[in-house]
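>>> this one's structure only:
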């Protein structure tokens, strides 16, 4: 055993010799970001060793200065049999900030939304009368409830879980048998033959019927409370996924999840995020979380595997077969979601290992598979980029790994689109100095994805970066700092920043954005090639993703993130995964449509296709190796 | 808030003002016996207040000496806003001692046991081959498993719980798709239309198929591990029910359970007992508790309500309607039993609030409802006495509260039938001194139920007690201690006792035994009267209960516990609740028989019948007010 103390928290834990510092920190409850998932490649999980014997496998990712000061990457450093004291650098604010929660309702074409006639939630509430107990009639409380429900519903099989039975005796007696039963009647493949009772409440409580839409993103989690009686959105809350410190993208998470205890850790982390958000929603709407009687959740295949506690390893190993694609309706308590324990939880069906339920939910917000022959493109710009191409006849889909740059991850001064995030930048062509606009018009704290796109477009336009994303070294500017072969751009000085630290973008950050946009553009381009079409043939391009509504279209086209098409063909639909989940939650028609579309979608494995690498490399320029694709004179802007 | 310290443990807890000392002790993890369930009537839960302000509601049950020393009943004493220090008297050994675990197999008529043809456990195991994952076939692990099972079973609906899916990916790949599925196919009302998968293991593991029979008694819990492939009993373990410190009989437990937190406490207490026994069984048989794939449990209606976390309050309130009589098959994890989480648990059907599943299981060990016209009587002698009278045409049942005296409870030197328990006594007619025989032939530690019966019979026969149970005062004996109006009988002196404390039976203890036997005898007598029969008309009398096999028949008849019939008509069947649970666990035929018999049984509410009181009072003598009932010359002993 060895003893390790973490400063400044002052927490000491005893661990076995050879435990990594990262595991020891987790044991001590200390949050250390390990964006690469503990592979030792990112150099972000460093701490400074103050005293004691450690064994560090790899210092390659650190600068000499960091090494001299005693910094080590916690994921690659194990503990000898002596006492160790380490200092954890201040990471406060890394993933902080209030989200600007938005229900995104106004973004979606009204004709696609469920109508009152479509309203058929996963559960229904009925008010019934259960006859009072009679002496010596040989009927238990459960017998009387079952008979009353059989009579009312005309169904033989009434299933009542133990969690519901626990409240039965008091509920039946509180108002002399006047009770409200909540019933779960659907399955992913249609109506249940039997009927499952998910709650029994005293009195008529049919007017309080609530459901939850959940988007489990790799970077962020959004949860929305819906009044199921009228399909109104009551409240929306968003936060970073608590798994973020265990890896920024799905591959890093899968890496991290290789050990069963870490799989359990990841499961608990995302559940804590979801359940904290549910608590917020319930508080805002003054209901109890136990009154929420159903949920519909969407996420990519890896996120759903981690949420359910499944081994995600085989998602990235050939032949890329996940444990689940069509997910049965589990109960909230099986999963660990803090709503009514017996509540059914629908999880959106996935198409493949890299096209998940977030996409089958997302395309509910589009008319991509309508009857017309017009071909549409759906792009979900998140940590994973997913693309769907199709019309009433075909639906093709593929995925690429964009990384978290568009959500503010993997960028040193990056942050989520929240108050204080720079979302728009103007660069003075002469001086190279930036003028920034922040969300909430407060002092800047960092840059969000749309801010990065705006900045890059401006720097490119004013000539302060070249097509390869390199900052101009030939002309001096106060905004550009050159340190050997590396250059960085000072967006906000320490004095102007809300955090008293300068907001600086270096060439590595720029590279991250370029890689992300190249991955997405290449995926779209290659998929079109597959069906012998060009970008210009697209009637509509739907852009989904956390930042969708704040995106500056011209800037995005200027850097080559999206194709250069007439602007009217673009439709920003915001967090389509969340909006689609809500539709599936409230509407039987939309649920059926979602399962049908999921079955219709053909998954193309593009990233192992050699021509993908070719397209990707060609897109690693601003806007593209072939600028003709972007400055077409014939397109009316 | 107030602070309370418990000595000698030295544990301090902070509690709200007005918390009872009993609740504070429970919070501190200190076990204090409260046999009456916290009603303040037994005076057993006392502690000595060393310092601090307390508020004691009732000292009526304590002696002046105890009051002078500062003793208070913890259940009726609440805490003021000052710090309190109390001393908990030594209660070690109160419910200690090893049980002599016995599978009781040899006691039951072999023709009643399941034959190999009857073998149909609650789960079945099948070895199947699941095709390996294929690239781009759009099938998840779950899809392939479901298809393989659909083909093999010819059933459409295959339900796989999340807990099983969590192991699926690795199980399917460990041996290239060679897996064993455990399936739950039954419900209390027959075969399921669907099929629920309760486990998936890599390779062919069909030979390891284990089940559990559980008897949840008010005083003791017995658990038995069964090899389901051949119905062999592998091991049996018994222990006191962990709820025992919260009340000795069901009424005290119901009292204790009035608050939801205490209901949860009682649930956890019995689960801890059961799960500890399961751990023992698994260790003895060198299997994992997760390999146990089903369970059948029996207990009286209150015990089952407490095990399931249901409010038992309405069991004792008119019209005495319990929440459950016929219990659905819940899963082990719903209940909290530490075997395979998805394992189905059958709970024996109950007939009424006071005739539970222990009785419907018990009569599986009898031929009481066979085709003959012969009328049989079944007596379950436990903390509750239940009686069944019937034949192939009718089945009547009733219940009475005997108290825990026959299981060693409520008797100051009482103990369970375990090593060191006095089970047989001979009293010297001249001196009144006892010679004792103990279980295991070791030094005596206490008296078990059969020892008490033997002692009373001997004292009665030798004239050292009278028909009212009073010790002889007219003649001096070293064995009789007289203190004012109270007298006590010294069975073993401190020097001879294994605990260095004398084993003494006082007149209150004798009274408890007399009350218990009177309650049982009165119930039998009244039930016979109802159908116009006499004891002598009974062809068979089955005696079930923990001590059944050790009972000295002549002694039991001598004190009037059982009727004076030809000895050959008595059949001791031991723990029939456990044996019946085992039959239901392994045999479909016996399960069906049990549900059928439960429906056939008519419950008589005798204890509210005025003539019951009459019968009871008449039976409060040794052997009976009317000795003619017991000394019939025409009966061949």
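Structure received. Every value quoted in this text rests on a predicted model; they were computed, and no experiment measured them.

>>> can you tell me the helix or strand for the closest residue to residue A:245 other than its chain neighbours?
Closest residue in space to residue A:245, ignoring its immediate chain neighbours: residue A:33 at 4.7 Å, by CB to CB, 6 or more residues apart in numbering or on different chains. (Each C-beta comes from the backbone N, C-alpha and C, glycine too.) Element membership for residue A:33, per DSSP states H and E: none, as it lies in no helix or strand.

>>> Test my guess that residue A:33 contacts residue A:45.
Yes - counting by CB atoms under 8 Å, residue A:33 does reach residue A:45; the two are 6.1 Å apart.

>>> So if I had to pick from those two, which one is more boxed in?
Each of residue A:33 and residue A:45 has its neighbours counted (other CB atoms under 10 Å in any protein chain shown); residue A:45 has more, 27 against 19.

>>> shouldn't the more buried one be in contact with residue A:74?
Yes - between residue A:45 and residue A:74 there is a contact at 4.6 Å, judged by CB under 8 Å.

>>> Show me whatever sits in contact with both of the two.
Common contacts of residue A:45 and residue A:74 (CB atoms under 8 Å, 6 or more residues apart in numbering or on different chains): A:22, A:32, A:34.

>>> one step back: how near is the residue nearest to residue A:245 to chain B?
Per CB to the nearest CB, to the nearest Å, residue A:33 is found 28 Å from chain B.

>>> Model confidence score at that residue, please.
Listed pLDDT for residue A:33 reads 71.

>>> can you check residue A:461 too?
94.

>>> which residues touch it?
Contacts for residue A:461 (CB under 8 Å, 6+ apart) come out as A:427, A:558.

>>> any idea how far it is from residue A:558?
Between residue A:461 and residue A:558 the computed distance is 7 Å (CB to CB, to the nearest Å).

>>> what do you get for residue A:150?
Counting by CB to CB, the gap from residue A:150 to residue A:558 is 66 Å.

>>> between those two, which one's more packed in?
It is residue A:558, of residue A:150 and residue A:558, that has more neighbours when counted by other CB under 10 Å, with 21 against 14.

>>> Kindly list the longest helix within chain A.
Ranked by residue count and defined by DSSP state H, the top helix of chain A is helix A:260-285.

>>> Next, the buried residues of it.
By neighbour count on 16 or more other CB atoms under 10 Å in any protein chain shown, the buried set for helix A:260-285 is A:262-263, A:265-267, A:269-271, A:273-278, A:280-282.

>>> One more: stretch A:306-319?
A:306-315.

>>> Restricted to helices, list those residues.
Per DSSP H, the buried residues of stretch A:306-319 map to helices at A:306-308.

>>> how far out from the middle of the chain is the longest helix of chain A?
13 Å (CA atoms, centre = their mean, to the nearest Å).

>>> now swap in stretch A:339-352 and tell me
The answer for stretch A:339-352 is 16 Å, by CA atoms, centre = their mean.

>>> hang on, the earlier thing: now do the longest helix of chain A: which elements does it pack against?
strand A:210-216, strand A:220-227, strand A:232-240, helix A:250-256, helix A:301-308 (3 or more CB pairs under 8 Å, 6 or more residues apart in numbering or on different chains; DSSP states H and E).

>>> Of the shared contacts of residue A:45 and residue A:74, which is the most crowded?
residue A:34 (26 neighbours).

>>> quick one: that one and residue A:306, what's the gap?
Taken as CB to CB, the span from residue A:34 to residue A:306 is 15 Å.

>>> Can you tell me the SS state at residue A:518?
helix (DSSP: H, G, I helix; E, B strand; the rest coil).

>>> any idea what sits nearest it, other than its immediate chain neighbours?
residue A:619 is the one closest to residue A:518 (CB to CB, 6+ apart), at 3.7 Å.

>>> Surely that neighbour touches residue A:521?
Yes - between residue A:619 and residue A:521 there is a contact at 4.6 Å, judged by CB under 8 Å.

>>> Next, show the common contact partners of those two.
residue A:560.

>>> so what's the most centrally placed residue in chain A up against?
Nearest to the geometric centre of chain A sits residue A:217, at 1.2 Å (CA atoms, centre = their mean). Applying CB under 8 Å, 6+ apart, we find residue A:217 in contact with A:241, A:299-300, A:303, A:358, A:382-383, A:407, A:546, A:577.

>>> so residue A:502 makes contact with residue A:489?
No - using CB under 8 Å, residue A:502 is not in contact with residue A:489; the gap is 10.4 Å.

>>> higher neighbour count, these two?
residue A:489 (24 against 16).

>>> How far does stretch A:366-375 sit from its chain's centre?
That offset, for stretch A:366-375, works out to 26 Å (CA atoms, centre = their mean).

>>> shaky segments in the stretch 351-500 of chain A?
Applying pLDDT under 70 to the stretch 351-500 of chain A flags no residue at all.

>>> Right, and chain B sits closest to which residue of it?
residue A:352 (7.3 Å; CB to the nearest CB).

>>> tell me the SS of that residue?
Residue A:352 ends up coil, using three-state DSSP.

>>> what sits against it?
A:301, A:320, A:322, A:325, A:397, A:399, A:603, A:605, B:136, B:138.

>>> Tell me how far it lies from residue A:329.
In terms of CB to CB, residue A:352 sits 21 Å off from residue A:329.

>>> Residue A:211 too?
For residue A:211, the distance to residue A:329 - CB to CB - is 13 Å.

>>> So residue A:131 sits against residue A:177, correct?
Yes - Residue A:131 lies in contact with residue A:177 (CB under 8 Å); the separation is 6.1 Å.

>>> is it true that residue A:450 lies in a strand?
No - looking at residue A:450 with three-state DSSP, it is helix, so not inside a strand.

>>> how many neighbours does residue A:439 have?
Residue A:439: 25 neighbours (other CB under 10 Å).

>>> swap in the one 4 residues further on?
Applying the criterion other CB under 10 Å, we find 13 residues in the vicinity of residue A:443.

>>> Same check on residue A:535?
18.

>>> ditto for residue A:153
When neighbours are counted by other CB under 10 Å, residue A:153 comes out with 15.

>>> Which residue is the nearest non-sequential neighbour of it?
Per CB to CB, 6+ apart, closest to residue A:153 is residue A:195, 5.9 Å.

>>> Give me the contacts around the helix or strand containing that neighbour.
Counting by DSSP H and E, the element that carries residue A:195 is strand A:190-202. Here strand A:190-202 makes contact (CB under 8 Å, 6+ apart) with A:123, A:145, A:149, A:153, A:155-161, A:164, A:167-168, A:170-172, A:174-175, A:178-186, A:293-294, A:331, A:340, A:342-344, B:193.

>>> before we move on, the earlier item: strand A:210-216 and the longest helix of chain A, what's the angle between them?
140 degrees (axes from the mean of the first three to the mean of the last three CA atoms, to 10 degrees).

>>> average pLDDT across helix A:260-285?
96.

>>> which is the next helix or strand following that helix?
Immediately after helix A:260-285, counting by DSSP H and E, sits strand A:292-299.
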